[in-house]
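>>> Model the following, please.
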Amino acid sequence: MAQPFTTLTILPMPLIRDNIDTDQIIPSREMKSTGKTGLADGLFAGWRYTEIGGRKADPNFVLNDSHYADSQIILGGANFGCGSSREHAVWALAEYGFRAVIAPSFAPIFAGNCVRNGILPAVIDADAIAIIAKADGPVTIDLGAQKISIDDNQSWSFAIDEEAKSMLLEGLDAIDLSLKMAEDIATWQEADRAQRPWIYLGAK
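Modelled structure (predicted):
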């Protein structure tokens, strides 16, 4: 299970570039295991470090700016997470500590991977993102209200389907979501077993 996402107030990190793909989020050379851990150091490695394969921080890249050291929200550009379907990209973001990405649009597979790993992909328009970035102050995301705000007078709504919202609010992955229906599944199986007993021959 992921950490439930309800509300979050924190300074967002601006990385407003269109078409940031999953190989830029986590280069393939940084994917040294099939697990979800050990990936944070490779997050944005091609931009974050001065040399390929090195670990000397590039001071010009925003992830290395101490001003955004505690940020858990990325302000992104259009088509965020495009490219390959590698879930490692989301694992790297999650392990580093990011809980949300706000962008004008997302690659669908990436957005789905975010939800399954406790990261909110929130869509608002580019003009709103520019306003948030220029304010350079805390932003509040309220998932229950589906609202992003920077003060009492400036807020933006975002859409999210009910299943994704439920998964994030409760910290569920796809398996957890299925297990919520365990009683209904068992009832269906018993009825099916009575109608088609031959299907269950040898089953425990």
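>>> so who does Pro42 touch?
Careful, residue 42 is Gly and not Pro. 26-27, 29-31, 92 (Cβ atoms under 8 Å, 6 or more residues apart in numbering). Glycine gets a C-beta too; all of them are placed from N, C-alpha and C.
>>> which residues of the protein fall in helices?
22-25, 45-48, 88-96, 108-116, 126-135, 162-170, 174-179, 182-195 (DSSP state H).
>>> Of the ones you listed, which stretch is the most buried?
helix 88-96 (a mean of 24; mean count of other Cβ atoms under 10 Å).
>>> Show residues contacting it.
By Cβ under 8 Å, 6+ apart, helix 88-96 touches 2, 22, 25-26, 30-31, 36-40, 42-43, 74, 81, 101, 110, 113-114, 116-119.
>>> and the worst-scoring helix or strand of the chain on mean pLDDT, what does it pack onto?
When the helices and strands of the chain are compared on mean pLDDT, DSSP states H and E, helix 174-179 comes out lowest with a mean of 79. When contacts are defined as 3 or more Cβ pairs under 8 Å, 6 or more residues apart in numbering; DSSP states H and E, helix 174-179 sits against helix 162-170.
>>> ok, Phe5 to Lys36 distance?
The gap separating Phe5 from Lys36 is 17 Å, by Cβ to Cβ, to the nearest Å.
>>> Neighbour count: the two, which is higher?
Phe5 (21 against 14; other Cβ atoms under 10 Å).
>>> Excluding chain neighbours, give the residue nearest to that one in space.
The spatially closest residue to Phe5, leaving aside those adjacent along the chain, is Leu168, at 4.4 Å (Cβ to Cβ, 6 or more residues apart in numbering).
>>> Who are the contact partners of the one you found?
2, 4-5, 115, 118, 120, 143, 160.
>>> low-confidence ranges in the chain?
Scanning the chain for pLDDT under 70 picks out the ranges 204.
>>> pull the CA atoms of stretch 162-177 into PDB?
The C-alpha trace of stretch 162-177 is given here as PDB (Å, rounded to 0.1, in the frame of the first residue of the first chain):
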ATOM      1  CA  GLU A 162     -13.400   8.200  -9.000                       C
ATOM      2  CA  GLU A 163     -11.400   5.000  -9.000                       C
ATOM      3  CA  ALA A 164      -8.100   6.800  -9.200                       C
ATOM      4  CA  LYS A 165      -9.300   9.300  -6.500                       C
ATOM      5  CA  SER A 166     -10.300   6.400  -4.200                       C
ATOM      6  CA  MET A 167      -6.900   4.700  -4.700                       C
ATOM      7  CA  LEU A 168      -5.000   7.800  -3.800                       C
ATOM      8  CA  LEU A 169      -7.100   8.900  -0.900                       C
ATOM      9  CA  GLU A 170      -6.900   5.400   0.600                       C
ATOM     10  CA  GLY A 171      -3.400   4.600  -0.400                       C
ATOM     11  CA  LEU A 172      -4.400   1.600  -2.500                       C
ATOM     12  CA  ASP A 173      -2.700  -0.200  -5.400                       C
ATOM     13  CA  ALA A 174      -4.600  -2.200  -8.000                       C
ATOM     14  CA  ILE A 175      -4.500  -5.400  -5.800                       C
ATOM     15  CA  ASP A 176      -5.700  -3.600  -2.700                       C
ATOM     16  CA  LEU A 177      -8.600  -2.200  -4.800                       C
END
